[in-house]
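In: here is a sequence together with a model predicted from it:
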Amino acid sequence: MLGLIYFIFITSIVAVLVGLWQKNTNVLCKSKKNLEGKTAIVTGGTSGMGLRIATDFASRGAKVIVACPFIDEGTNGRKHIIERTGNEKVIFKLLDLSSITSIRKFSSEILQTEERLDILVNNAGVGIGFDYLTKDGMNFIMQVNYFGSFLLTILLLPLLLKTGKPGEPARIVNTSSVLHNIGVVDFTNINRLNYWYGIQCYGNSKLCLVLFAHELTKRLNNKNVVINCVDPGAVGTPIFNCVGWFLGGIITYFFKNFFKTPWEGAQTAIHVALDKKAGEVSGQFFKNCKLSRAKQAGYDDKIAVQLWEESIRLVKMDQDEVYQCLQPLS
């Protein structure tokens, strides 16, 4: 018993010291870029880091479309952004990434109503504790965190391709995680229930986002759209409520105070969406507002191609539709 208490004490001290070091090394986006006349979509843009990202874009004058599956949260999030920025060009749209039907409806509306799309931030995600299949037959965590974002991105590509110009590409930002390091891509069991620990499934989804960015970069072949991934760090957000409100609240409080607040966690995504040099690379991985490196498996060409093909199958697209999505809107 004494040994356990000693272990917990030492672990707590180390965690606090690491946290204090982290707090003092957090980097903020320095871009002063104005976004007047630009349009951005932020999934999960009504709470946590997504709300801070959307608020930043709105403060720069962008038309910002925030998307989430909850009416109350979306309405309140939109109101919050407008009050903080004075920008009335903020739109809330329902989007459930665990539903192919919802993703297609959302994408169709965007293509019909919007003239341009300069920035797409795939920020929405869920944590652990959701071991069930969606109506589309995919693991809930995998569909929300990866397959849904994959489909959304592909369907919105024609508008992104129309908008991007030489020297001013349209940008896609995928929110990955340090936990992509524990991720694996097991095509036999990728959506299997009662097989993965929740944190492992989460890591798998975040690695898939890295592989997606790698493969889409090759398929776009410098068509004035770039896609990069970010590791926001350990951030205190509502995502931890998946383990229960009490324990989740403790974890959130700890991360906010010793690692990153949602505003601090949003900085790398904002940097990748705005910074000039960040717009000159694609298929890359950023951390703390700097070009970094994902684990080596995230750049495996063979696995990336297999994942692309499996993703196309699972989200029920055919090759003709994919080809059309890789062409700019006329």
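Out: Everything's here; your move. Numbers count the residues shown, from 1 in each chain.
In: burial count for Ile182?
Out: Counted with other Cβ atoms under 10 Å, the neighbours of Ile182 add up to 16. Placement of C-beta: from N, CA and C, glycine included.
In: list the contacts for it?
Out: 199-200, 203 (Cβ atoms under 8 Å, 6 or more residues apart in numbering).
In: kindly provide the distance from Tyr202 to Leu151.
Out: Tyr202 is 19 Å from Leu151, where distance means Cβ to Cβ, to the nearest Å.
In: same question, Gly44
Out: 16 Å.
In: of these two, who's got more company?
Out: Neighbour count, other Cβ under 10 Å: between Gly44 and Leu151, Gly44 has more, with 29 against 23.
In: name whatever forms a beta bridge with the residue nearest to Arg293 when sequence neighbours are not counted.
Out: Leaving aside its sequence neighbours, Arg293 sits nearest to Phe285 (Cβ to Cβ, 6 or more residues apart in numbering; 5.9 Å). Note on Phe285: beta-bridge partners Cys229, judged by DSSP bridges.
In: quick check: Phe285 touching Asn228?
Out: Yes. In this structure, Phe285 is within contact of Asn228 by Cβ atoms under 8 Å, at 7.1 Å.
In: any low-confidence regions in the stretch 51-200 of the chain?
Out: By pLDDT under 70, the low-scoring segments of the stretch 51-200 of the chain are 128.
In: please enumerate the strands of it.
Out: Secondary structure of the stretch 51-200 of the chain (DSSP state E, counting those that start in this stretch): strands located at 63-68, 90-94, 119-122, 170-175.
In: turn the ones you listed into TSV, including mean neighbour count and distance to Gly48.
Out: Shown next, in TSV, are those (neighbours: other Cβ atoms under 10 Å; distance: least, Cβ to Cβ, whole Å):
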stretch	mean neighbour count	distance to Gly48
strand 63-68	28	10
strand 90-94	18	16
strand 119-122	28	12
strand 170-175	27	10
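In: turn these into JSON lines, including distance to Leu28.
Out: Output for the strands of the stretch 51-200 of the chain, formatted as JSON lines (distance: least, Cβ to Cβ, whole Å):
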{"stretch": "strand 63-68", "distance to Leu28": "20"}
{"stretch": "strand 90-94", "distance to Leu28": "23"}
{"stretch": "strand 119-122", "distance to Leu28": "17"}
{"stretch": "strand 170-175", "distance to Leu28": "17"}
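In: where does the closest residue to Met142 other than its chain neighbours sit, in terms of helix or strand?
Out: For Met142, ignoring the flanking residues on the chain, the nearest one in space by Cβ to Cβ, 6+ apart is Ser205 at 5.3 Å. Assigned by DSSP states H and E, Ser205 belongs to helix 198-220.
In: from the contact counts, what lies against that helix?
Out: For helix 198-220, the elements it packs on are helix 140-142, helix 148-163, strand 170-175, strand 225-231, helix 301-314, judged by 3 or more Cβ pairs under 8 Å, 6 or more residues apart in numbering; DSSP states H and E.
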